[in-house]
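**Student:** My questions concern the predicted model and sequence given below.
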Amino acid sequence: MADPEVVVVARQFKQALLAQERSAMLVMAQRWAMIERTLQAHIDALVQELGSIEALAGMTPEQLYRMDRYQALVMQVREQLRLYEHWAEGQITASQRQAIEMGRETVTESLSASGLGISWNRLPVRSIEIMVGLAGDGAPLFSLLQQRALWPDAVEGLTQALLRGMALGWNPRKTASRMADGLAEGLNKALTIARTETMRAYRMATVEGYRESNVVSGFRRLAAKDGRTCLACLMSDGETFDLASDLTDHPNGRCVAVPILVGREPPQWQTGREWFETLPPERQREMMGAERYDAWSRGAFDLSALRRTAHSDVWGDSPRVATLAELTNTR
Ligand SMILES: [Zn+2]
């Protein structure tokens, strides 16, 4: 069964958006590398000082936290990451605006792929920007990065690496390099926020466009189908929504909406579940995790049970994968 044109269009736009996102991620990582270089000198100085303490292995975390050099490093991390947050916010906002624009194009192309001229005036870009969290001038209405600051993750990451190095007696060079890796927890968080916010803006723009079109009655969830797609999204692939609903997803989620036209049959495609069922057992096992896979092989649950719903007051409902306990206690 060949995919309907409207599904092909949805996939193409998603690919284009993800490609754009990859280059945005690269820019964010390059900027991060500059911060890392600045902080490296402070990390090295701390590690050098610790290296001179004979009873390093016996040092408690509390003693470490009281060290002037440690505190100076934490201050530096905070300061540098504040600067990074400020810069990254501009990047994320720009990505969101691009995603909204791409959402508008997706709606136009999807409807024309279905043989419909555009009978709607225009996508209300401004109201979508506000829905997404941008003010009329494109500035963020509330600062995501300040609310979910990067520095605590970065400080936690580097401190854990340092404590591990002390406990295991790593040499100073190894310790310093693992601390820089730990620092990168801040970057990982920034990338997750960027990805999540960009996809969210895109989903909101497409769904709002379908609402405004007057020729769409609802939409279906289209999940990515690859080894990185979580099982909750795979099992939700094809879910049907009415137009009043929003399409929400979890952090890093890549699901998009495929429109259902008024008076027509909903578009069909091979669903995530059907796709999963065609995979060789070893891939299924890899994607599910050994414990879930074994329980499933025993017939302990149906694949549909893998999809649970998580709720967030900020982001709404999103798919999540059932835990092993949930899967094995249901019957
Ligand atoms: Zn997912």
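**Tutor:** Arrived safely.
**Student:** you'd agree F241 is up against V216?
**Tutor:** No. Taking contacts as C-beta atoms under 8 Å, F241 lies outside contact range of V216: 11.0 Å. (Each C-beta comes from the backbone N, C-alpha and C, glycine too.)
**Student:** Contact residues of this protein facing the ion?
**Tutor:** Contact residues (C-beta under 5 Å from the ion) of the chain with the ion: 230, 233.
**Student:** residues touching the residue nearest the centre of the chain, list them.
**Tutor:** Note on the chain: the residue nearest the mean C-alpha position is N252, at 1.7 Å, using C-alpha atoms, centre = their mean. N252 is in contact with 192, 195-196, counting by C-beta atoms under 8 Å, 6 or more residues apart in numbering.
**Student:** Shouldn't D153 be within a helix?
**Tutor:** Yes. Under DSSP: H, G, I helix; E, B strand; the rest coil, D153 falls within a helix.
**Student:** okay, stretch 234-249 in PDB with CA atoms only?
**Tutor:** What follows is stretch 234-249, C-alpha atoms only, in PDB (Å, rounded to 0.1, in the frame of the first residue of the first chain):
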ATOM      1  CA  LEU A 234       4.900   3.900  17.700                       C
ATOM      2  CA  MET A 235       1.800   2.500  19.400                       C
ATOM      3  CA  SER A 236       0.100   5.900  19.200                       C
ATOM      4  CA  ASP A 237       0.800   6.300  15.500                       C
ATOM      5  CA  GLY A 238      -2.500   6.800  13.600                       C
ATOM      6  CA  GLU A 239      -4.400   8.100  16.700                       C
ATOM      7  CA  THR A 240      -7.300  10.200  15.600                       C
ATOM      8  CA  PHE A 241      -8.000  13.700  17.100                       C
ATOM      9  CA  ASP A 242     -10.800  16.200  16.600                       C
ATOM     10  CA  LEU A 243      -9.900  19.700  15.600                       C
ATOM     11  CA  ALA A 244     -10.300  21.100  19.100                       C
ATOM     12  CA  SER A 245      -7.400  18.900  20.300                       C
ATOM     13  CA  ASP A 246      -3.800  19.800  20.300                       C
ATOM     14  CA  LEU A 247      -1.100  17.300  19.200                       C
ATOM     15  CA  THR A 248       1.200  17.100  22.100                       C
ATOM     16  CA  ASP A 249       4.400  15.100  22.500                       C
END
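**Student:** and it, what's its mean pLDDT?
**Tutor:** For stretch 234-249, the mean per-residue pLDDT is 94.
**Student:** Can you list the buried residues in that stretch?
**Tutor:** For stretch 234-249, the neighbour count (16 or more other C-beta atoms under 10 Å) marks 234-239, 243, 247-249 as buried.
**Student:** likewise stretch 276-293?
**Tutor:** Neighbour counts over stretch 276-293 (16+ other C-beta under 10 Å) mark 276, 284-285, 287-288, 292-293 as buried.
**Student:** And the pLDDT at E54?
**Tutor:** Reported pLDDT for E54: 57.
**Student:** oh, I was asking about R320
**Tutor:** What the model reports for R320 is a pLDDT of 94.
**Student:** What separation do you get for the residue nearest to it when sequence neighbours are not counted and the ion?
**Tutor:** In this structure, R320 finds its nearest non-sequential neighbour in A310, 4.1 Å apart by C-beta to C-beta, 6 or more residues apart in numbering. Counting by C-beta to the ion, to the nearest Å, the separation of A310 from the ion is 10 Å.
**Student:** go on, L261?
**Tutor:** The gap separating L261 from the ion is 27 Å, by C-beta to the ion.
**Student:** For that residue, which residues count as its bridge partners?
**Tutor:** V216 (DSSP bridges).
**Student:** start at 11 instead
**Tutor:** Got it, first residue is 11 now, which makes that one L271.
**Student:** residue contacts, it?
**Tutor:** 124, 126, 225-227.
**Student:** one more time with 10 Å, if that's ok
**Tutor:** By C-beta atoms under 10 Å, 6 or more residues apart in numbering, the residues touching L271 are 16, 120-121, 124-126, 220, 223, 225-228, 277.
**Student:** Then R76?
**Tutor:** Counting by C-beta under 10 Å, 6+ apart, R76 makes contact with T70.
**Student:** that older thread, what are the phi and psi values at the residue nearest to the centre of the chain?
**Tutor:** phi 70, psi 10 (degrees, to the nearest 10).
**Student:** ok so, going back, tell me which two of the buried residues of stretch 244-259 sit farthest apart.
**Tutor:** L244 and L253 (24.5 Å; C-beta to C-beta).
**Student:** Format the buried residues of stretch 286-303 as a markdown table; extra columns: pLDDT, secondary structure and distance to V272.
**Tutor:** As requested, these are exported to a markdown table (pLDDT from 0 to 100; DSSP: H, G, I helix; E, B strand; the rest coil; distance: C-beta to C-beta, whole Å):
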| residue | pLDDT | secondary structure | distance to V272 |
| --- | --- | --- | --- |
| F286 | 96 | helix | 32 |
| Q294 | 96 | helix | 38 |
| R295 | 95 | helix | 43 |
| M297 | 94 | helix | 37 |
| M298 | 93 | helix | 39 |
| R302 | 94 | helix | 40 |
| Y303 | 95 | helix | 42 |
